[in-house]
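> The following comprises the amino acid sequence and a computationally predicted model.
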2 protein chains.
Amino acid sequence: MKEWSRKVYVELPRPCEEDHRSMQKRLLAALRDCGSFYTGDSQSVFSHVVRDEADIRIRPAVLNDCLAICEQADWQVTASLGFDGRVWELLALEPGDTAAQHYGLCADLGSTTIIMELVDLNTGETLASESVFNPQIAYGDDILTRIFYTKDHPERRRELQEATAKGFRKLMVQLSKETGVDTRKCNILTVAGNTTMMHFLLGLDAFGVFQSPYAVQTLEPEVCRGAELGIPVQGFVYLCPAMENYLGGDIISGMLATGLPDREEISVFLDVGTNGELVVGNQEFLLAGAGAAGPALEGGSVRTGMRAENGAVDSVTTENGRLKAHVIGETEAKGICGSGIVDLLAELYLNGWIDLRGRFQEAEIRTEESRDEDEKEKLRIPGLKKLPMRDAASEKDMEYAIEYAQGLYFYQSDIDEFIRTKAAAMTMVEYMMNLIGLGMEDVGRFYVAGAFGTHIDKESAVTIGMYPDIDRDKIISPGNTSLQGAKKLLLDRSLTEKAEEIIERMQYVQFGAVEEFIELMRAAQAIPHTDLQRFPTVERRLLERQAAKAEK
Amino acid sequence: MKEWSRKVYVELPRPCEEDHRSMQKRLLAALRDCGSFYTGDSQSVFSHVVRDEADIRIRPAVLNDCLAICEQADWQVTASLGFDGRVWELLALEPGDTAAQHYGLCADLGSTTIIMELVDLNTGETLASESVFNPQIAYGDDILTRIFYTKDHPERRRELQEATAKGFRKLMVQLSKETGVDTRKCNILTVAGNTTMMHFLLGLDAFGVFQSPYAVQTLEPEVCRGAELGIPVQGFVYLCPAMENYLGGDIISGMLATGLPDREEISVFLDVGTNGELVVGNQEFLLAGAGAAGPALEGGSVRTGMRAENGAVDSVTTENGRLKAHVIGETEAKGICGSGIVDLLAELYLNGWIDLRGRFQEAEIRTEESRDEDEKEKLRIPGLKKLPMRDAASEKDMEYAIEYAQGLYFYQSDIDEFIRTKAAAMTMVEYMMNLIGLGMEDVGRFYVAGAFGTHIDKESAVTIGMYPDIDRDKIISPGNTSLQGAKKLLLDRSLTEKAEEIIERMQYVQFGAVEEFIELMRAAQAIPHTDLQRFPTVERRLLERQAAKAEK
């Protein structure tokens, strides 16, 4: 384990006739006596053989304050040291012994939310965690809008950079308020985010992320000074490196968080966000891929879809033959979020209201609005209506929609879209498993990272074929692995080498036009799958539910 | 030989589907192919085994511009690289091949004058040289006033820092104007100056330079970014390290310039400026010392003393039994500078107007103003008068003074002061030679650095015992060795190690209260010396002059 930051209490010998070394020499000698500053590569004993005192940098701006502080503190001071990626640097001197107050910051830089934690570097404990909406949102809700905003406008890149930094500054202030710790005195901030976020934070042109041939500006940026980025930590900022344009530092960070690349068993790591990113692998291989899977699964392309916030239906059950929605904040429902959608589809399917293909069961359909008294008794799907299609050109363009909460409908087209997306995500997994000659049943751990995984009901997700039908204990919702990895990187600098090693090992799999992939996807475009035998527990639940209904 | 700066023309492969490396990787790979970037210590093959592309730093601010420049220049660009003391850094990218335009700066930061040279790093040629008065002068003519001004006032240290930087900026503008070269594009500026100047340039408290126990802030500062110091070079600033508070980077630089520490023969290096600094040594030993020798020798404590500028008497001869002064700028004389004083004293001595002790020859004195006609024929020293002493309390406090130019007088007290000072300087040399068991006759080379050495007449200097009476070819006036050393450091970075090695080898000799030193000095307080036999050529000249006078 190596650190990014050190706080070292030293009692300096006072200058006198016999010892009139310079302040710089005096400090360096005292610090050197306090332990080794290992700057090198663990693989080579010979790398960075440091020359005497040259191993700790002291910039004039810092040296400038040292004398006054030493005199004030009777030459008993605490040195704050940070590692700049190559060399240690004295970042500040504090009067007295403040080694017990030793903090660092880590952050997940998401396109929607930035989350930051203040960590006690002596204990490894998180003292506080705060989040803000990413101020970049002012320049566009989605990443692509922001990228186009900055394209060919260097001054706008600066705007986005400054907006990002503003988010970090706000978080630092909030964390300071909450804990009383001066976050500006942190010697290190580690950040994980996707490749676009990395570019925006650094003020770089991110157009290459989305534009062929996908040559970005950097994937492994230099350790920066906070000041360089407008982030007022006195030390450095480390960004977790990325593997590819679509496979960012947030995923690499997730690898560190889960430990997937170190285990014998084969794991699947799925991160559903703006994109869907996927890693399949173990200690021997690492396959990675990405697809535009995110928005639909999170409710983005659903007509009444919304974020998982107050007013969102986040779970759906069936009671007495009718759908029952739970609303976040126990308020009136305003829309439906990812976990609600997954529940809803599972219920529709288990109730027999939609078939394997996700189509409302035509034969059983008699809407509640049927005026014909004879038809009323045939009513089977409560809440189903025929409503105008999205962008309907004429009154005839109608489609079925089911009322999942008071006045809120989920459309046939929403279902179709969702199935296509979940099929794409699952097919990525399956395709990769096939590549190594294995099937879904061989998945040892199935990680679903992020808020999405945390809130989704596992059973429902298996029911609709979004998760494989494996032992439920193997399905893991680790939460914000990007942030967790950033924290690990904060606590152990040697993991930067691990991150680089992971990137080195990772093989990027392009799906796109592969024949086999398209076939697999076609088969997966069902609930749960065209081959129901691959989901035995779902088949069982289906039969159970039908039996229960028949009993009534 | 190692460089501080490189310009490398590269033709980058365009990004395409098969090669969508990041801009950072693309650049680093191309630069790596262009040669090795040796960052290590010449003594160890193993130091700094660089990890892949990690050997050149690219900061986001620079990376930010690369794409636009590459696209504009058809991916044919020239990289400007600078060495930060530990690692190479890409400082700028330029369109096309500009490797032929490769410049660096070096400077001598004197307390009175800053001199800067623009050097073609491809040829080693100096393209232009400029000088300005050090803007610090606004805060005090002498160093001590400036130091007291900043004492306990950190904000005033910033004023001094900014004043110094302003001088550098002015020089850069002048050099750019003169040559058409954009000096801001320099990747390196090397600076040599005394320890106080080093502190002021870095914004540091310099009080330790003059205050016991003489613990300064730094003697070997870090390589800084120009921007850190308010100096608009795009690269770095290296300050030649100092050995002691009174033995600054200007002297170490002088060692590099003269090559004294590498030769077999024993050399003396004397730098007369604000202080008198001295090094005696060869490839086996290096003794160094300093004393407050400067001002008096340069005319500072002489009543009509002045800098060597227009209006200063810079040389004195005797014609037809009368003193004849040469004035810089051929204008009316306003005062006398160092070289003029040395000539004047030599002439007074050779004419027999002052004795070995520097006293006007009382026996021969009859002033021109003597009203007594009888005395008139006894007139022997033309231009001699009795004038009020400095700070005279009564009319009786008179002393002799000689008119060396129209209305300008050199006083007995001026002579006394000068003799004390030159004796102190020469005694330092002699004392050191004695320390190693040798005498003045064993001096192989006698360097007198700086403007002082350049303008002084060797013969006069020997005559008054300021230089030893050795083969005149061995007396060398190398000029501004501080600047010359800075240029050497600019052209060959490996000399930084040499500088450190010199400092390591150097032994600082304290004179002060040493019994032997005081005795030697007492003996040296004469013109040329109490022991005239040690100055055989002076004795001969004296006899020749007396013989010539007698003939008349």
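Sure, I can see it. Numbers count the residues shown, from 1 in each chain, chains lettered A, B, ... in the order given.

> helices or strands up against the helix or strand encompassing A:Asp65?
Assigning secondary structure by DSSP states H and E places A:Asp65 in helix A:60-72. Under the contact definition 3 or more Cβ pairs under 8 Å, 6 or more residues apart in numbering or on different chains; DSSP states H and E, helix A:60-72 sits against helix A:23-33, strand A:88-95, helix B:154-179, helix B:195-202, helix B:226-229. Where you see a C-beta, it was placed from the backbone N, CA and C, and this is true even at glycine.

> for the record, mean pLDDT for the longest one?
By that I understand helix B:154-179. Mean pLDDT, computed over helix B:154-179, is 97.

> Report the strands that pair with the helix or strand that it is followed by, each with its relative direction.
If you walk from helix B:154-179 toward the C-terminus, the next helix or strand you reach (DSSP H and E) is strand B:188-193. The strands that strand B:188-193 pairs with in its sheet are strand B:103-109 (parallel), strand B:236-239 (parallel) (by DSSP bridges).

> Next, the angle helix B:154-179 makes with strand B:188-193.
For strand B:188-193 against helix B:154-179, the angle by axes from the mean of the first three to the mean of the last three Cα atoms, to 10 degrees is 120 degrees.

> tell me the domain boundaries of chain A?
Per automatic domain parsing, the domain ranges recorded for chain A read A:5-95, A:103-239, A:261-296+A:417-479+A:506-541, A:304-413.

> Output those domains as CSV; include the columns mean neighbour count.
Output for those, formatted as CSV (neighbours: other Cβ atoms under 10 Å in any protein chain shown):
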stretch, mean neighbour count
domain A:5-95, 18
domain A:103-239, 21
domain A:261-296+A:417-479+A:506-541, 19
domain A:304-413, 17
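
> and those domains, which one is worst for confidence?
Among these, domain A:5-95 scores lowest, at a mean of 82.

> Endpoint to endpoint, that one covers what distance?
In domain A:5-95, first residue to last residue: 18 Å (Cα to Cα, to the nearest Å).

> ok, back up a step: turn the domains of chain A into TSV, including distance to B:Leu12.
Formatted as TSV, the domains of chain A follow (distance: least, Cβ to Cβ, whole Å):
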stretch	distance to B:Leu12
domain A:5-95	24
domain A:103-239	11
domain A:261-296+A:417-479+A:506-541	23
domain A:304-413	43
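
> Nearest to B:Glu399 among those domains would be which one?
Closest to B:Glu399 of the domains of chain A, according to Cβ to Cβ: domain A:5-95, at 40.0 Å.

> Give me the distance from the closest one to the chain's centre.
In terms of Cα atoms, centre = their mean, to the nearest Å, the centre of domain A:5-95 is found 37 Å from the chain centre.

> still on that earlier bit, and the helix or strand that the helix holding A:Asp65 is followed by, what does it pack against?
Heading C-terminal from helix A:60-72, the first helix or strand you meet, by DSSP H and E, is strand A:76-83. Other helices and strands packing on strand A:76-83, by 3+ Cβ pairs under 8 Å, 6+ apart, are strand A:5-11, helix A:23-33, strand A:88-95.

> okay if I get those as JSON lines plus distance to chain B?
Putting the helices and strands packed on strand A:76-83 into JSON lines (distance: least, Cβ to the nearest Cβ, whole Å) gives the following:
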{"stretch": "strand A:5-11", "distance to chain B": "16"}
{"stretch": "helix A:23-33", "distance to chain B": "4"}
{"stretch": "strand A:88-95", "distance to chain B": "9"}
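
> okay if I get these as JSON lines plus distance to B:Gly104?
Listed next are these as JSON lines, based on distance: least, Cβ to Cβ, whole Å:
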{"stretch": "strand A:5-11", "distance to B:Gly104": "36"}
{"stretch": "helix A:23-33", "distance to B:Gly104": "26"}
{"stretch": "strand A:88-95", "distance to B:Gly104": "26"}
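
> So which of these is nearest A:Arg322?
Nearest of the helices and strands packed on strand A:76-83 (Cβ to Cβ): strand A:5-11, 57.6 Å.

> Helix A:23-33 and that closest one, what's the angle between them?
110 degrees.

> Pairing partners for strand A:5-11, with directions?
With DSSP bridges as the test, strand A:5-11 is paired with strand A:76-83 (antiparallel).

> what's the strand it pairs with in contact with?
A:3-12, A:27, A:31, A:37, A:39, A:56, A:69-70, A:88-99, A:185, A:187-188, A:223, A:234-236, A:493 (Cβ atoms under 8 Å, 6 or more residues apart in numbering or on different chains).

> can we see that at 6 Å?
A:4-9, A:11, A:31, A:70, A:88-94, A:97-99, A:187-188, A:235-236 (Cβ atoms under 6 Å, 6 or more residues apart in numbering or on different chains).

> Repeat that for stretch A:261-278.
Residues outside stretch A:261-278 that contact it (Cβ under 6 Å, 6+ apart) are A:111, A:143, A:247, A:251, A:255, A:260, A:279-280, A:282-283, A:286, A:289-291, A:293-294, A:297, A:425, A:428-429, A:443-450, A:452, A:502.
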